[in-house]
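Asker: Give me a 3D structure for the following:
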Amino acid sequence: PPEDVGGIWGYEDFQAVLADPAHPDHAERLEWAGGPFDPHRFDPDEADRALEWLAWRPLAPTS
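Answerer: Model prediction:
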């Protein structure tokens, strides 16, 4: 799900609005999502690369 979509209920609403081109908020949500959104698209290799990048990032010194 997109960042800051509003939890489970916000995500349900987000999907419903995008599925209904006649919904008054459709264009705004589509723009916010950065274009068409496919809730079934998931690339495990892309997710693994993102997590690997996070895992190997050095921590900033605290003091």
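Asker: Can you pull the phi/psi pair for Ala50?
Answerer: phi -60, psi -40 (degrees, to the nearest 10).
Asker: Tell me, how many residues neighbour Pro44?
Answerer: As a burial measure, Pro44 scores 7 neighbours (other Cβ atoms under 10 Å). Just so you know, the C-beta spots here come from the backbone N, C-alpha and C atoms, and that holds for glycine as well.
Asker: any idea how far Glu52 is from it?
Answerer: 12 Å (Cβ to Cβ, to the nearest Å).
Asker: ok, now Glu28?
Answerer: For Glu28, the distance to Glu52 equals 34 Å [Cβ to Cβ].
Asker: I'd like to know how many residues surround Pro21.
Answerer: Neighbour number of Pro21 under other Cβ under 10 Å is 9.
Asker: hang on, I meant Gln15
Answerer: 15.
Asker: Would you indicate which residues of the helix or strand containing it are buried?
Answerer: Counting by DSSP states H and E, the element that carries Gln15 is helix 7-19. Across helix 7-19, burial judged by 16 or more other Cβ atoms under 10 Å covers Phe14, Val17, Leu18.
Asker: Now for the second one: which residues touch it?
Answerer: This points to Val17. Val17 is in contact with His23, Asp25, His26, Arg29, counting by Cβ atoms under 8 Å, 6 or more residues apart in numbering.
Asker: Who wins on neighbours among those residues?
Answerer: Neighbour max across the contacts of Val17 (other Cβ under 10 Å) = Arg29, 18 neighbours.
Asker: Contact partners for that residue?
Answerer: Arg29 touches Phe14, Val17, Leu18, counting by Cβ under 8 Å, 6+ apart.
Asker: how about CSV for the residues you listed, with pLDDT added?
Answerer: Formatted as CSV, those follow (pLDDT from 0 to 100):
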residue, pLDDT
Phe14, 94
Val17, 95
Leu18, 93
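Asker: Low-confidence stretches in this protein?
Answerer: 63 (pLDDT under 70).
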